[in-house]
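Chemist: Need a 3D model of the sequence below.
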Amino acid sequence: MASCNPAELAAAAACFDCLSEAQKRAIRVRLLCAILNGETMSCDPATLASAASCIECALSDAQMDAVEISLLCQIAGGGAIGGGGVSQGAGAPVAPPASGNGIYYDQSDSSLWAWDASLAAWVHLGPV
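Modeler: Predicted coordinates:
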């Protein structure tokens with residue numbers, strides 16, 4: 001388990017100081033997706049920046065903030081937005097998510113989709 005001592009946290013995170021705010025935001029989204037999918041990742045800055053580069057290019061800051069909140073709610077067990085989840089498959093999503101919201105990863109072209117309940121449709125967010 002990680003230490004929550006402020007000095008130890010700052011020392012452990014020092015190698016991430018060279019990343020831009022946009023890179024850090026995209027990395028957080030990519031790491032949250034990995035956590036939800038049970039995926040392990042190398043956590044050195046260069047590998048993380050590379051893994052998140054498509055997210056950084058495909059999503060606006062506002063979209064990344066919304067996706068990050070959605071992913072955190074899913075990790076927390078559903079939260080106030082009605083559950084949902086991260087699913088994946090080959091090809092674009094077809095069926096709506098069971099819980100009213102969700103994120104979908106298309107393995108065939110590495111793209112990310114989000115369910116928009118107001119449109120009752122999947123919205124393509126771009127390549128990951």
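
Chemist: burial count for the closest residue to Leu59 other than its chain neighbours?
Modeler: Counting by Cβ to Cβ, 6 or more residues apart in numbering, Leu59 lies nearest to Leu125, which is 5.8 Å off, once chain neighbours are set aside. Using the backbone N, CA and C atoms, a C-beta is placed for each residue, glycine as well. Neighbours of Leu125 under the rule other Cβ atoms under 10 Å: 19.

Chemist: What residues of the helix or strand of the chain with the lowest mean pLDDT count as buried?
Modeler: None of the helices or strands of the chain scores lower by mean pLDDT, DSSP states H and E than strand 86-89, at a mean of 79. For strand 86-89, a neighbour-count test (16 or more other Cβ atoms under 10 Å) marks 86-87 as buried.

Chemist: now do stretch 103-110
Modeler: 103-106.

Chemist: Tell me how far that stretch lies from the chain's centre.
Modeler: 12 Å (Cα atoms, centre = their mean, to the nearest Å).

Chemist: okay, how far is it across that stretch, tip to tip?
Modeler: 13 Å (Cα to Cα, to the nearest Å).

Chemist: that older thread, which ones are touching the residue nearest to Leu59?
Modeler: With contact set as Cβ atoms under 8 Å, 6 or more residues apart in numbering, Leu125 has these partners: 58-59, 63, 67, 111-114.

Chemist: Neighbour count for those - can I get that in TSV?
Modeler: Shown next, in TSV, are these (neighbours: other Cβ atoms under 10 Å):
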residue	neighbour count
Ala58	17
Leu59	23
Gln63	17
Val67	22
Ser111	17
Leu112	24
Trp113	19
Ala114	20
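
Chemist: among those residues, which are in strands?
Modeler: When DSSP state E defines the strands, the subset of these inside them is 111-114.

Chemist: how close does the residue nearest in space to the middle of the chain sit to Leu72?
Modeler: The chain has Val29 as the residue nearest its centroid, 3.0 Å off, counting by Cα atoms, centre = their mean. Val29 is 10 Å from Leu72, where distance means Cβ to Cβ, to the nearest Å.
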